[in-house]
Each structure stands twice: as C-alpha cells, then as structure tokens.
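Student: heads up, no residue letters with this:
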C-alpha cells in the first residue's frame, strides 16, 4: 500500500484511530459519573457539592473526565484539519494551535479542581 505525500503513514493512522476509540471508551463510565454528579448538584447546596468533589474518587473522576474529553476532542479536531485543510505549513500550524488550546483547557480544568481543594 503506497503512502500519500505528506501523510504520516498507516502505522500513525492506526495509532491515532486506536487512541480515539480508547478515549471514547473511557468517556462512557465518566459521562455516567457526570450524570450522577449533575443529579446530585441539582439537589445539594454549595458546601455539599464541594465536599463531594473533594472526595478522592470524585476528584479523580473529574480529572479523568476532562482529560479524556479534551484528548478525544483534540484528536477529532486534528482529523478534521487533516481532512479539510490542504497539505502545507498552515495545516501543521492549525494542528499545533489546536493542541495548545486543548492543553490550556486541560490546565484550567486541573486548576479549577486545585482551587476546589484549596477552598
């Protein structure tokens, strides 16, 4: 099977595909946790909500949810850029900018959790 000029090759494409599927599978239980959390927040006060988020398993679920969701979204955006932006330096710049934007969002999510634990 020949490679297209500028493509990452079949190994990289298969690896990318595998990570997309793995992150999607990780999101299934994490979204269920989010639904549980949302149901709890609707009937809880501010202090009770913070106490629930400060529990180690809930903090871990919060971080895992944001990490998996942002990673999955970054992979999806990269695929869209690779499919719809013509080959060249602009496409590479867009992919790098997208990765940086998602990294900033992940840092913000971790920072929010840090503030919850400090408060």
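Tutor: Yep, it's here. Quick caveat, the model's predicted, so the values are computed rather than measured.
Student: low-confidence ranges, the protein, go.
Tutor: Residue ranges of the chain with pLDDT under 70: 1-8.
Student: nearest the geometric middle of it, what residue?
Tutor: When CA atoms, centre = their mean is applied to the chain, the residue found nearest the centroid is residue 70 (1.6 Å).
Student: check contacts around residue 101.
Tutor: If you count contacts by CB atoms under 8 Å, 6 or more residues apart in numbering, residue 101 has none. For glycine as for every other residue, the C-beta is placed from the backbone atoms N, C-alpha and C.
Student: next one: it from residue 108, what distance?
Tutor: Applying CB to CB, to the nearest Å, the value for residue 101 to residue 108 is 11 Å.
Student: next: residue 28.
Tutor: From residue 28 to residue 108 the distance is 24 Å (CB to CB).
Student: neighbour count winner among these two?
Tutor: residue 108 (12 against 9; other CB atoms under 10 Å).
Student: which helix or strand contains that one?
Tutor: If you go by DSSP states H and E, residue 108 is part of helix 89-118.
Student: what comes up buried for that helix?
Tutor: 91, 94, 95, 98, 102, 106, 109, 113 (16 or more other CB atoms under 10 Å).
Student: same deal with stretch 44-57?
Tutor: Here stretch 44-57 shows 49, 53 as buried, counting by 16+ other CB under 10 Å.
Student: can I get the buried residues of helix 89-118 in TSV with distance to residue 65?
Tutor: Listed next are the buried residues of helix 89-118 as TSV, based on distance: CB to CB, whole Å:
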residue	distance to residue 65
91	30
94	26
95	24
98	20
102	14
106	11
109	9
113	11
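Student: ok, those vs residue 66, which is closest?
Tutor: residue 109 (3.8 Å; CB to CB).
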